[in-house]
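Trainee: Okay, sequence plus prediction incoming.
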Amino acid sequence: MRLQTGDHKTLLEKLLGATSRSGRLQSRLFVQLKRVSERLGIRVIPISESMFDMEEEFNSLYKSCRAYTESTPERMYALYKAVEHVVHSGIGGDLVECGVWRGGSCMLMAMTLMLHRDTSRRIYLYDTFTGMTSPTEKDFFLKDGRKALDMWKGSGDAVQSRWLAVPMEEVRENILSTGFPEERLVFVKGRVEDTIPGVVPRGVSVLRLDTDWYASTIHELTHLYPLLADGGVLLVDDYGVWAGAREAVDEYFARQGIRMLLNRIDYTGRIGVKPCRGEPRDGSADVPD
Ligand SMILES: C[S@@+](CC[C@H](N)C(=O)[O-])C[C@H]1O[C@@H](n2cnc3c(N)ncnc32)[C@H](O)[C@@H]1O
């Protein structure tokens, strides 16, 4: 099949319009869609194929919260495993997300805690609930250098951006729809630069950072990473995409002299387990006598 300019859109619209007709038709359409995409240099993988190795428990939780998050299945799975890990390993502390948007990641935290019958921990939700704060020159797309400031200015008036603004009451309703106890939710409204360290948990077991910019990310690390328990899990959402988030993470760990394996979850997400302070750094504990 030879495609003319403009054919791609029409063909895709036809394919998508017909997807509900039958399973057999769907798989034929998928083959066509894959062919067209490959000509465009795009790889199409069915969701079921990219998630086949993930536990069924996760898949069903993910279905209930995917409409409320910007995160990928890979990053949500990493969060699910992080919560499961701290519960199973008895690592104490509350769960924290900085930058919650519609609340999808916190819904997953809540549902995972309930799945493992642990509702003793609180979930702290930090957000302006009025959208992204102003970025600086440090904040640009690593891929193409596009400046966050230009995007921020284009998404509101001169004073306040409405980029990713979701009112707190809407987020609260989303989280409560999971059945998680309301008294275990701590909503902290405002710029993290203003609200932290004024309102922080006594201890943290899972720390998820997703406010995108340098200034907020370095502030969160400075005040919240020290509260993370040894063996607790840090997840950084924007390390691969936003230059400022990456700079903040690299700067913080270099300054503190902390060597942490921050592993890749997907094109942007990173995950690491806080090293235990008692462990010798030269690995001598692993050498038999
Ligand atoms: C990318 S969204 C978060 C997506 C969300 N974690 C998810 O799983 O879908 C970024 C969020 O960070 C919030 N935010 C950005 N800068 C902030 C700051 N300095 N203080 C507090 N919240 C901030 C925005 O309001 C927005 O809701």
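Mentor: The structure has been received and is ready for your questions.

Trainee: Quick check: Glu170 touching Trp101?
Mentor: No - counting by C-beta atoms under 8 Å, no contact exists between Glu170 and Trp101, whose distance comes to 10.4 Å. Bear in mind the C-beta positions are built from the backbone N, C-alpha and C, glycine included.

Trainee: Which of those two has more residues huddled nearby?
Mentor: Just comparing Glu170 and Trp101: by other C-beta atoms under 10 Å the higher neighbour count belongs to Trp101, 21 against 12.

Trainee: What does that one show for phi and psi?
Mentor: Main-chain dihedrals, Trp101, degrees, to the nearest 10: phi 50, psi -120.

Trainee: Who are the contact partners of the residue in the stretch 51-200 of the chain positioned nearest to the ligand?
Mentor: In the stretch 51-200 of the chain, no residue comes nearer to the ligand than Gly99, which is 2.9 Å away by C-beta to the nearest ligand atom. Listed by C-beta atoms under 8 Å, 6 or more residues apart in numbering, the contact partners of Gly99 are 126-127, 209-212, 216, 237.

Trainee: In strands, which of the residues you listed appear?
Mentor: With strands defined by DSSP state E, the entries of the contacts of Gly99 inside them are 126-127, 209.

Trainee: In a markdown table, list these along with pLDDT, neighbour count and distance to Asp139.
Mentor: Written out in a markdown table, the entries for the ones in strands among the contacts of Gly99 read as follows (pLDDT from 0 to 100; neighbours: other C-beta atoms under 10 Å; distance: C-beta to C-beta, whole Å):
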| residue | pLDDT | neighbour count | distance to Asp139 |
| --- | --- | --- | --- |
| Tyr126 | 98 | 27 | 18 |
| Asp127 | 98 | 27 | 18 |
| Leu209 | 98 | 27 | 14 |
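
Trainee: From those, list the ones also adjacent to the ligand.
Mentor: 126-127 (C-beta under 6 Å from any ligand atom).

Trainee: any idea of the mean pLDDT in the helix or strand that Glu247 is a member of?
Mentor: The secondary structure element spanning Glu247 is helix 243-256 (assigned by DSSP states H and E). If you average the pLDDT over helix 243-256, you get 98.

Trainee: Of all the residues in that helix, which ones are buried?
Mentor: Going by neighbour count (16 or more other C-beta atoms under 10 Å), the buried part of helix 243-256 is 243-249, 252-253.

Trainee: immediately after the lowest-mean-pLDDT helix or strand in the chain, which helix or strand?
Mentor: Between all helices and strands in the chain, the lowest mean by mean pLDDT, DSSP states H and E belongs to helix 7-17, at a mean of 48. Later in the chain than helix 7-17, the nearest helix or strand by DSSP H and E is helix 23-39.

Trainee: In terms of secondary structure, what does that next one contact?
Mentor: Using 3 or more C-beta pairs under 8 Å, 6 or more residues apart in numbering; DSSP states H and E as the contact criterion, the elements in contact with helix 23-39 are helix 7-17.

Trainee: All the strands of this protein, residue numbers only.
Mentor: Counting by DSSP E, the chain has strands at residues 94-98, 123-127, 185-189, 204-209, 228-236, 263-264, 270-273.

Trainee: Wait, Thr112 touches Tyr77, no?
Mentor: No - in this structure, Thr112 sits apart from Tyr77 without contact. The criterion is C-beta under 8 Å, and the distance is 10.8 Å.

Trainee: who has more neighbours, those two?
Mentor: With other C-beta under 10 Å as the criterion, Thr112 and Tyr77 differ in neighbour count, and Thr112 comes out ahead with 24 against 21.

Trainee: ok, the residue lying closest to the more buried one once chain neighbours are set aside - contacts?
Mentor: Once its chain neighbours are removed from consideration, Thr112 has its nearest residue in Val83; the separation is 4.1 Å (C-beta to C-beta, 6 or more residues apart in numbering). By C-beta under 8 Å, 6+ apart, Val83 lies in contact with 95, 108-109, 112-113, 116, 206.

Trainee: where in the protein is pLDDT low?
Mentor: Residues of the chain meeting the criterion pLDDT under 70: 1-23, 45-49, 155-161, 278-289.
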